[in-house]
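J.: need a 3D model of the sequence below.
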Amino acid sequence: MRIMTFAEEDVPAELRARADALREQAWPGGGPHDPALRPVTMLLVSPDGEVPAALDILTKEIVHGGRPYRAAGLSAVVTDAARQGRGYGRRLVAAARETIRESGADLGLFTCDRPLRGFYESAGWDELEGAVLIGGTPREPFPSDGPGFDKVTMAGFFTARAKRDAGAFRGSRVELYPGEIDRLW
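T.: Got it, this is the predicted structure:
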């Protein structure tokens, strides 16, 4: 198995079709991301061209506590239901963490369902205790602690400045505002 990384618009058609079919298992009706978030697609590809796991990385500048940060996060993480439990998703999520770190992003932030916290921790991410991501737009915010959600915020602090400022993110509301297409990454 190898990991392949592409700008979302550059994924080869055959791999895109396989990844889209895989995403339909977990995210029915999803579509491409907002190009303003510079989406990157990461695929785990078998020697015969199958795609057992896929995810996207979205990136934008945010301001928190009056300071700007380059933030990136995981979106549309999925492993083929028939192949779960083999470490494919964990391998891809860990590789995505390294890709974000190597990109120069200050930090990685995303939410996941509470039962998946241990999975993401096993791939190198840390729970950002008490943090809530505010998605949507400033006029129509979409908080990760909204009614019916049981989300936790996962994070990685990569630059020296972000590591120094990590405490400012704990127990806070982080204005992510990825827009109307990707309401919360």
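J.: excluding its backbone neighbours, what's nearest the most centrally placed residue in the chain?
T.: For the chain, the residue lying nearest the average C-alpha position, counting by Cα atoms, centre = their mean, turns out to be L74 (0.7 Å). Of all residues not flanking L74 in the chain, F110 sits nearest, at 4.6 Å (Cβ to Cβ, 6 or more residues apart in numbering). For the C-beta atoms, the positions are set from N, CA and C on the backbone; glycine is no exception.
J.: now F157: how far from W125?
T.: F157 is 11 Å from W125, where distance means Cβ to Cβ, to the nearest Å.
J.: pull out the buried residues from the helix or strand containing the residue nearest to L74.
T.: Using DSSP states H and E, F110 maps to strand 107-113. Across strand 107-113, burial judged by 16 or more other Cβ atoms under 10 Å covers 107-112.
J.: quick one: which of those is nearest T59?
T.: Lowest distance from T59 to the buried residues of strand 107-113 (Cβ to Cβ) belongs to G108, with 9.5 Å.
J.: tell me the contacts of that closest one?
T.: Shown in contact with G108 (Cβ atoms under 8 Å, 6 or more residues apart in numbering): 71-74, 97, 100-101, 125, 154-156, 158.
J.: closest one of these to W27?
T.: Using Cβ to Cβ, these come closest to W27 at L74, 12.7 Å.
J.: how about the residue in the chain that sits furthest from its center?
T.: Computed with Cα atoms, centre = their mean, the most peripheral residue in the chain is D48, at 26.6 Å.
J.: model confidence for that residue, exactly?
T.: Per-residue pLDDT puts D48 at 93.
J.: what helix or strand is the residue nearest to the centre of the chain located in?
T.: Per DSSP H and E: strand 67-79 holds L74.
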